[in-house]
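Enquirer: Predicted model, plus sequence, below.
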Amino acid sequence: MRTFTSYCLLLTIAMSLGACAAKRPVLYPNAHLKEIGQAKANQEIDDCIRIANEYQAGGDRSKEIAKNTGKAGIVGAATGAVIGAITGDFGRAAAIGGAGAATATMGSGIMRSDEPDPVFKQFVEQCLREKGLQPLGWR
């Protein structure tokens, strides 16, 4: 059981380290971008992101990850309990099932957490359009 828990913790840390880079808009090189240059365009992107945050345009991903992790833990524990009832090791199977499902769900949520909220993205893109820039997507 300790080895499994240690493995799950290590896997979660590794996935969270890989998900640290925040995505930013990619701009089409239109005449306005060529006129102001990439450095000024980056300032405009930062400004639009700041405004979107001020208006709370994005959802709280951490709450969503926590909620989904909790649900998965309950389902995993229930599944493990059923397996434990069949195999005769009820408590251990429930704990392993719950921990495994919760860890997998949390890891998956962390890996997706660098993806901006759709409303946040639309807000930033609209702001950039109003500044004469043309967002193409996010990277």
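Expert: Happy to help now that I have it.

Enquirer: Can you list the buried residues in stretch 85-93?
Expert: Ala93 (16 or more other CB atoms under 10 Å). In this view, the C-beta of every residue, glycine as well, is placed from N, C-alpha and C.

Enquirer: can you tell me the distance between the two ends of that stretch?
Expert: 9 Å (CA to CA, to the nearest Å).

Enquirer: what's next to that stretch, contact-wise?
Expert: With contacts defined as CB atoms under 8 Å, 6 or more residues apart in numbering, stretch 85-93 is touched by Met1, Gly80, Ala81, Ile83, Gly84.

Enquirer: mind listing what the last one touches?
Expert: The neighbourhood of Gly84, defined by CB under 8 Å, 6+ apart, consists of Phe90, Gly91, Arg92, Ala93, Ala94.

Enquirer: Could you list every helix and strand in contact with whichever helix or strand Leu136 is part of?
Expert: Per DSSP states H and E: Leu136 is located in strand 135-138. For strand 135-138, the packing partners by 3 or more CB pairs under 8 Å, 6 or more residues apart in numbering; DSSP states H and E come out as strand 25-27, helix 118-130.

Enquirer: wait, which of those is closest to Glu44?
Expert: Of all these, helix 118-130 sits nearest to Glu44, with 6.5 Å by CB to CB.

Enquirer: Restricting to C-alpha, output that closest one in CSV.
Expert: This file holds the C-alpha atoms of helix 118-130, laid out as CSV (Å, rounded to 0.1, in the frame of the first residue of the first chain):
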residue,chain,number,x,y,z
PRO,A,118,-13.3,29.3,-23.0
VAL,A,119,-14.9,32.6,-21.7
PHE,A,120,-11.5,33.9,-20.7
LYS,A,121,-10.1,33.1,-24.1
GLN,A,122,-13.0,34.9,-25.9
PHE,A,123,-12.6,37.9,-23.6
VAL,A,124,-8.8,38.2,-24.3
GLU,A,125,-9.3,37.7,-28.0
GLN,A,126,-12.0,40.4,-28.2
CYS,A,127,-9.8,42.8,-26.3
LEU,A,128,-7.0,42.1,-28.8
ARG,A,129,-9.2,42.7,-31.8
GLU,A,130,-10.3,46.0,-30.3
